[in-house]
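Undergrad: Sequence first, then the predicted structure:
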Amino acid sequence: VLIHQPVYSPRGREASDAIKAALQPVIERHGVDLVQYLVGRIESVTAATGQFITERPIPLKAGVGHSGWEVSDKKGPVENEDWIAMIGRLEGGALATLEASRVATGPRAEYIVEVYGSDGSVRWNFEHLNDLLVAGSRLKSSAELSALVGVDRGRLAEWIGHAELLSVRAIDPRAADVLWAVGMRDLATLVGASAEEVATKYNDEVARRAQKNLAPIDAEQAKAWIEAAIKYNGRPREGA
């Protein structure tokens, strides 16, 4: 389980104790509860903390998270941790890793949960509530999902392909919808196309839709999308 919970670090022991009470429950309560709900009870743990920023501007007005704070020009010592991690052994023998940081650059509150087993794995991200990434036997997973949602495998494959396009951060969701509509039904199809082909089909569809929030692209942009899809897939393009 990887958790990122941004919390500002004020000065002073009283404030430090308060902020510790804000960070530690991210793991000790929310994270632990989630692990035990999904996988099983934790029997033993070992933990570590770290401090990377030793001085911060002294706050003049309280805020929430990274917003609303007013600070002075003076700096004061930071007395609380910037990072905390824990390894736990579950009652069934599985191991769990929990981590939280208020200074990690990039994610705001991903609260990622990853569970790995002998037949596959699942991954969930709080910033994408409606997505559940599943890895394992694709045929078996498709059969089970097809039966679960009551659709044939062909339609399910289309949904999965569309989700793959939406998962590439370099491709805007609106652009992913256009790509899917012009036949780029999954990452493999996008990777196998030329930049010129992608740009031409994309621009034709954009012109047909005539939507203000959609703009035509050039071959360089299409190439960037293809390269992002290659990186997401984790394998080089054939012949490259």
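TA: Everything's here; your move. Residues are numbered from 1 along each chain as shown.
Undergrad: which residues touch stretch 177-185?
TA: Contacts of stretch 177-185 with the rest of the structure, by Cβ atoms under 8 Å, 6 or more residues apart in numbering, involve 158, 161-162, 165, 171, 189-190, 193, 198, 201-202, 204-206, 209, 214, 225. (Each C-beta comes from the backbone N, C-alpha and C, glycine too.)
Undergrad: Go again with 7 Å.
TA: When contacts are defined by Cβ atoms under 7 Å, 6 or more residues apart in numbering, stretch 177-185 is touched by residues 158, 161-162, 165, 189-190, 193, 198, 201-202, 205-206, 214.
Undergrad: Closest to residue 116 out of the residues you listed?
TA: Closest approach to residue 116 among these (Cβ to Cβ): residue 161, at 24.3 Å.
Undergrad: and the gap between that closest one and residue 99?
TA: Note on residue 161: its distance to residue 99, by Cβ to Cβ, to the nearest Å, is 32 Å.
Undergrad: Who are the contact partners of residue 162?
TA: By Cβ under 7 Å, 6+ apart, the contact set of residue 162 is residue 180.
Undergrad: name the element residue 75 belongs to?
TA: Taking DSSP states H and E as the criterion, residue 75 maps to strand 70-77.
Undergrad: in that strand, what counts as buried?
TA: Buried residues in strand 70-77, counting neighbours by 16 or more other Cβ atoms under 10 Å, are found at residue 71.
Undergrad: For that strand, name the packing helices and strands.
TA: Using 3 or more Cβ pairs under 7 Å, 6 or more residues apart in numbering; DSSP states H and E as the contact test, the elements touching strand 70-77 are strand 55-61.
Undergrad: if we can go back for a sec, now the strand holding residue 75 against strand 55-61, angle please.
TA: Calculated by axes from the mean of the first three to the mean of the last three Cα atoms, to 10 degrees, strand 70-77 forms an angle of 140 degrees with strand 55-61.
Undergrad: From the rest of the structure, what touches strand 70-77?
TA: Contacts to strand 70-77, defined as Cβ under 7 Å, 6+ apart, come from residues 11, 54, 55, 56, 57, 58, 59, 60, 61.
Undergrad: Partner strands of whatever helix or strand comes next after that strand, with direction?
TA: As assigned by DSSP H and E, the chain's next helix or strand after strand 70-77 is strand 83-90. The pairing partners recorded for strand 83-90 under DSSP bridges are strand 42-50 (antiparallel), strand 95-101 (antiparallel).
Undergrad: Pick the most deeply packed of the ones you listed.
TA: Burial of these is given as mean neighbour count (mean count of other Cβ atoms under 10 Å); strand 95-101 ranks first at a mean of 19.
Undergrad: mind checking how far that strand is from the chain centre?
TA: Centroid separation for strand 95-101 versus its chain: 15 Å, with Cα atoms, centre = their mean, to the nearest Å.
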